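>>> sequence below, structure please.
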Amino acid sequence: MMKAVAKVVVGGVLFAAAVVGTAYPAKAAVMGATVTSITASWLNPDPGNVSIDNDGRTVSARWGYPATWWGGRSGYDFRAKRTPSDLDAGDTFKIGTFKHLNYPIYGTALSSISLSVTFEGLIKGSNTPFQVTSLFDFEHTETPNTWGHCPSGSQSTCDDIVTATLNEGASQSVIVDGMKYLFTIAGFQVNGDQFENWLTKEKHTNKAHLVASLEVHPVPLPAAAWFLITALGGLGGLRWLKQRSA
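Model (predicted):
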């Protein structure tokens, strides 16, 4: 009797393993993606007379009038990374680079602006599409270039202040062949550290890289599915036992 029960159990386990193998096919081992395009645009500037150019890989915002003959207008740039770009599970990858240009200016300066960034592509081995969009809010303080009115930590007359906040749409997941592909935008980083605000010296520029990550994990089967697999496994084991006894 014990041998018969053991045979049923073994048969059930083998049958369940076959069912699980069907739920997670071998081609799911191709765990990666290809980013096919990255687009960005500046939105909602305050004041509204900020000059915006959203064409091409580099999108820009400019304000004020040059206070010196050799200088330029102050502004922000975002340059998207070239595509296509291949990713593997566990990769952290750069989406693009943000740059603040600080020049002596006069006239109306930027107070705030938003940056929308979208990257999209395909899951390897299935051509399943994905798309991730995030919105960043920037607050800007154009300081007066006179001593005594500079923010703490200034190294020039006077450093301007930039603050960036991730507003929405930080991640998106896609399920392919029983695997969950999770794309997450981590935000702007400087030398590997998260950037939220900084001071930019007068007549200088600052840069930060916008980074994201790809994680791939099996999708857990619900309890009901495991119960069904177990039951089917038991039936398969009994059928196997009867065939052996015949």
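
>>> my guess is Phe78 meets Gly96, correct?
Yes. Using CB atoms under 8 Å as the test, Phe78 is close enough to Gly96 to be in contact (5.6 Å). In this view, the C-beta of every residue, glycine as well, is placed from N, C-alpha and C.

>>> for Phe136, what is the enclosing helix or strand?
strand 128-141 (DSSP states H and E).

>>> for that strand, packing partners?
strand 112-123, strand 160-168, strand 171-176, strand 179-190 (3 or more CB pairs under 8 Å, 6 or more residues apart in numbering; DSSP states H and E).

>>> returning to what we had before: which neighbours do Phe78 and Gly96 share?
Taking CB atoms under 8 Å, 6 or more residues apart in numbering as the criterion, Phe78 and Gly96 both touch Ala40, Val117, Leu210.

>>> which one (most neighbours) among those residues?
Within these, neighbour counts (other CB atoms under 10 Å) peak at Leu210, which reaches 28 neighbours.

>>> got the contact list for the residue lying closest to it once chain neighbours are set aside?
Leaving aside its sequence neighbours, Leu210 sits nearest to Ile95 (CB to CB, 6 or more residues apart in numbering; 4.5 Å). Applying CB under 8 Å, 6+ apart, we find Ile95 in contact with Ile38, Ala80, Lys81, Val117, Phe119, Ile185, Leu210, Val211, Ala212.

>>> run the angle between the strand holding Phe136 and strand 179-190 for me.
20 degrees (axes from the mean of the first three to the mean of the last three CA atoms, to 10 degrees).

>>> ok, residues contacting strand 128-141?
With CB under 8 Å, 6+ apart, strand 128-141 has contacts from 33, 43, 76, 109-123, 151, 160-172, 174, 176, 181, 183, 185, 188, 212.

>>> ok, then the element right after the worst-scoring helix or strand of the chain on mean pLDDT?
Every helix and strand of the chain was ranked by mean pLDDT, DSSP states H and E. The lowest is helix 2-23, at a mean of 43. Using DSSP H and E, the helix or strand that directly follows helix 2-23 along the chain is strand 32-46.

>>> who are the packing partners of the next helix or strand after that next one?
Of the helices and strands lying after strand 32-46 in sequence (DSSP H and E), the nearest is strand 51-53. Applying 3+ CB pairs under 8 Å, 6+ apart, one finds that strand 51-53 makes contact with strand 58-63.

>>> pull out the buried residues from the strand it packs on.
Val59, Ser60, Ala61, Arg62, Trp63 (16 or more other CB atoms under 10 Å).

>>> and it, which strands flank it?
strand 51-53 (antiparallel), strand 74-80 (antiparallel) (DSSP bridges).

>>> so that strand versus strand 112-123, what angle?
180 degrees.

>>> low pLDDT regions in the protein?
1-30, 146-149, 167-170, 221-246 (pLDDT under 70).

>>> make sure Leu110 is indeed in a helix.
No. Assessed with DSSP: H, G, I helix; E, B strand; the rest coil, Leu110 is coil; it does not lie in a helix.

>>> partner residues bridging the closest residue to Arg57 other than its chain neighbours?
Nearest non-adjacent residue to Arg57, counting by CB to CB, 6+ apart: Ala80, 4.9 Å away. Beta bridges link Ala80 to Gly96, judged by DSSP bridges.

>>> then Ile161?
Here Ile161, judged by DSSP bridges, has bridge partners Thr141, Leu199.

>>> run a quick neighbour tally on it.
Using other CB under 10 Å: Ile161 sits among 18 other residues.
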